[in-house]
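1. return atomic coordinates for the entry below.
(one chain, ligands or ions: 1)
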Amino acid sequence: MNLRLQGPALPVIASLLPAVLASNPKGITLQHKVPAGLDRKEAEVYRQFDPERLPRHIAIIMDGNGRWAKRRHMPRVAGHRAGVAAVRSTVETAARIGIHALTLYAFSEENWKKRPASEVDFLMRLLSRYLKAEVPTLNKNNIRLEYIGRQHELPEDVQERMEWARASTAENTGTVLTLALNYSARSELVDAFRSMVRAASENGGIEHLRIDEEMVGEHLYTRNLPDPDLVVRTSGEMRLSNFLLWQLAYAEIYVTPTLWPDFRGVHLLEAIVEYQKRERRYGGLNHAEPAKVRN
Ligand code: FPP
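-> Below is the predicted model:
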């Protein structure tokens, strides 16, 4: 807990401090301990927030790889390759500070349809290589890997590698890292409604179909995750781009001009500092409880 010395009590407490320190050979801790593994810059930012009010789930729209490459007169794919270092740093920092869930928008359904086949191929190979190389680090950091999106439409060898990586990290109990691959929020909702209808017809018939917010949530790809508290978008664009449209209903939005390949753990921590300055009202006045929707 951060000890804030303020108001009339300040001189009294300050005068007691030497005695308290003397009576406690280890001294007293005024600030939370910085988690192991953070570098100097990260530790500096970490000290600015309250580790007891971390967002439980952070979602990130990784954008700007192409522009990063263009500025360097390099091909677009060089931006994607450089983006892997940003993924690595962000994931490790999130795990080190104890973020419960991190979801990264790696590849949208629209990317698949609207980008040249060579770029899509490159991204698939990059993902495959990332998974192979990263599993030991994910295990070392106790990170469990999951995916959202229409995985069955991805190349078979990529699906196999994804399944292998998921199984290899399935026992981990720390941060849940979810990669959104071939993902579209509208398709997710379509799949959820289809799944609700199927479940009803397999359980006594369509007349048993119940549709409410809880039921929709239970049929989304993210059914095992809390809704994101914070969504980060890099490269300055102010769009959600068909990402987690249902789940982001009450999320705080943080947009940074930093291009994804330049993003690091320290930038994630800066986003959390900003998040903690926001007052979350869930449609209400000034309380911090999700609003109960009245029908
Ligand atoms: C958006 O940048 C980024 C992507 C479509 C791909 C994201 C991929 C990575 C970060 C690398 C690999 C990821 C994993 C999980 C291994 P853009 O190409 O749309 O950039 P632009 O808007 O500047 O053109």
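
2. contacting residues around the nearest residue to Glu92 once chain neighbours are set aside?
-> Take Glu92 and drop its neighbours on the chain: the residue closest to it by Cβ to Cβ, 6 or more residues apart in numbering is Asn141, 6.0 Å away. (C-beta placed from N, C-alpha, C; glycine too.) Residues counted as contacts of Asn141 (Cβ atoms under 8 Å, 6 or more residues apart in numbering) are 91-92, 95-96, 174-175.

3. for Asn141, give its distance to the ligand.
-> 15 Å (Cβ to the nearest ligand atom, to the nearest Å).

4. how about the helices in the chain?
-> In the chain, the segments counted as helices under DSSP state H are 9-23, 40-46, 65-71, 76-97, 109-114, 117-140, 156-169, 185-202, 213-218, 265-277.

5. for these, give me JSON lines that also has mean neighbour count.
-> As requested, the helices of the chain are exported to JSON lines (neighbours: other Cβ atoms under 10 Å):
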{"stretch": "helix 9-23", "mean neighbour count": "10"}
{"stretch": "helix 40-46", "mean neighbour count": "16"}
{"stretch": "helix 65-71", "mean neighbour count": "18"}
{"stretch": "helix 76-97", "mean neighbour count": "20"}
{"stretch": "helix 109-114", "mean neighbour count": "15"}
{"stretch": "helix 117-140", "mean neighbour count": "16"}
{"stretch": "helix 156-169", "mean neighbour count": "15"}
{"stretch": "helix 185-202", "mean neighbour count": "15"}
{"stretch": "helix 213-218", "mean neighbour count": "13"}
{"stretch": "helix 265-277", "mean neighbour count": "19"}
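
6. which residues touch the closest residue to the ligand within the chain?
-> For the chain and the ligand, the shortest gap (Cβ to the nearest ligand atom) falls at Gly66, measuring 2.4 Å. Counting by Cβ under 8 Å, 6+ apart, Gly66 touches 76, 79.

7. can you pull the pLDDT of it?
-> Note on Gly66: pLDDT of 97.

8. again with the one 4 residues further on
-> The model reports Lys70 with a pLDDT of 98.

9. was I right about it contacting Arg76?
-> Yes - between Lys70 and Arg76 there is a contact under Cβ atoms under 8 Å: 7.4 Å.

10. which residues touch stretch 185-200?
-> So stretch 185-200 is contacted by 109, 148, 150, 206, 208-211, 215-216, 219-221, 240, 242-246 (Cβ under 8 Å, 6+ apart).

11. output the set of residues of the chain in proximity to the ligand.
-> 62-67, 80, 83-84, 87, 104, 106-107, 111, 126-127, 130, 179, 235, 260 (Cβ under 6 Å from any ligand atom).

12. roughly how far does the residue nearest to Glu92 sit from Ala43?
-> From Asn141 across to Ala43, the span is 18 Å (Cβ to Cβ, to the nearest Å).

13. same check, this time on Tyr254
-> In terms of Cβ to Cβ, Tyr254 sits 21 Å off from Ala43.

14. ok, Arg198 to His152 distance?
-> Distance of Arg198 to His152, given as Cβ to Cβ: 16 Å.

15. for the residue nearest to Glu92, give me phi and psi.
-> With angles defined as degrees, to the nearest 10, Asn141 sits at phi -90, psi 10.

16. the chain should start at 34 in everything you say after this.
-> Sure, I'll start counting at 34 from here, so that last one is Asn174.

17. now distance to Arg311 and pLDDT too, for the contacts of Asn174, in a markdown table please.
-> Output for the contacts of Asn174, formatted as a markdown table (distance: Cβ to Cβ, whole Å; pLDDT from 0 to 100):
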| residue | distance to Arg311 | pLDDT |
| --- | --- | --- |
| Val124 | 24 | 98 |
| Glu125 | 25 | 98 |
| Ala128 | 24 | 98 |
| Arg129 | 23 | 98 |
| Gly207 | 26 | 98 |
| Thr208 | 22 | 98 |
